[in-house]
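[1] Would you be able to build a 3D model of this:
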Amino acid sequence: MAHPKEEKTVIIVKPDGVKRGLIGEIMKRVEQRGLKIIAVKMIQADKPLIDKHLPKSRQWIIDVGNKSLEDYKKYKLDPRKHIGTADPFKIGMLVRKWLFDYWTSGPVVAFAVQGVHAIDMVRKIVGNTLPAKAEMGTIRGDYSVDSAILGNLGKRAVHNIVHASGSPEEARNEFKKWFKPNELHSYDRADDDIMF
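    Numbering: from 1, shown residues only. As a prediction, the model looks like this:
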């Protein structure tokens, strides 16, 4: 295990966050927590990269479909009427396609972050994956009210501004997909000795 101060994670400002001018705000919130940005790049993600980034296991696809079905039930809507099926796998595949369209709709900004409990801290900063459930004070809670049911009814992905690695394993995998080793930088923040 690496030293806790050296934990690393990946944050990706999605196309809606870029188009809304939230790159600086997101970086600011990360840096204010004492986390260090060690790499930054803007790219136009293509389908092969997003295919590597998104999970593709059958179970993940079914889980996504089941979450959508829960929302249809909650709002008393018939998924067959809106998207032509109530099969969780088929719905999950639709959502995965919508995610491709979303992620490739404009440039994204990927940045690598390092610091104490970086993964958990960044997840707290960005808030719940579904903006309508995100607490105020988080990036998603402050800048979006989108929800899964709105996405499904619009036949699109949820616009939730930013992605953040959810676990150490996910962070390690995402580093390999989004950054080359020579793109990561090491430096001391001026406040390291004060904060830790």
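
[2] What part of the chain, helix or strand, is modelled with the least confidence?
    helix 192-195 (a mean of 71; mean pLDDT, DSSP states H and E).

[3] Name the residues that touch it?
    G34 (C-beta atoms under 8 Å, 6 or more residues apart in numbering). Yep, even glycine has a C-beta here, placed from its N, CA and C like the rest.

[4] State the distance from the residue positioned nearest the centre of the chain to I43.
    Against the mean C-alpha coordinate of the chain, by C-alpha atoms, centre = their mean, the closest residue is H163 at 1.5 Å. As defined by C-beta to C-beta, to the nearest Å, H163 lies at a distance of 13 Å from I43.

[5] G137 now?
    Distance from G137 to I43, by C-beta to C-beta: 29 Å.

[6] quick revisit: residues near the closest residue to the residue nearest to the centre of the chain other than its chain neighbours, how many?
    Setting aside the residues directly before and after it, H163 is nearest to I12 in space (C-beta to C-beta, 6 or more residues apart in numbering), at 4.2 Å. Neighbours of I12 under the rule other C-beta atoms under 10 Å: 23.

[7] Show me what the one helix or strand I12 maps to is packed against.
    Per DSSP states H and E: I12 is located in strand 8-13. Packed against strand 8-13 by the contact rule (3 or more C-beta pairs under 8 Å, 6 or more residues apart in numbering; DSSP states H and E) you find helix 23-32, strand 108-114, helix 118-126, strand 162-164, helix 168-178.

[8] name the helices or strands packed onto the last one?
    The helices and strands touching helix 168-178, judged by 3+ C-beta pairs under 8 Å, 6+ apart, are strand 8-13, helix 47-53, strand 108-114.

[9] out of those, deepest packed?
    Greatest average neighbour count among those goes to strand 8-13 (a mean of 25), per mean count of other C-beta atoms under 10 Å.

[10] Partner strands of that strand and their direction?
    strand 108-114 (antiparallel), strand 162-164 (antiparallel) (DSSP bridges).

[11] what sits up against it?
    Under C-beta under 8 Å, 6+ apart, the answer for strand 8-13 is 22-23, 26, 30, 38, 108-114, 118-119, 122, 126, 161-165, 171, 174-175, 178-179.

[12] what about E135, how many neighbours?
    11.
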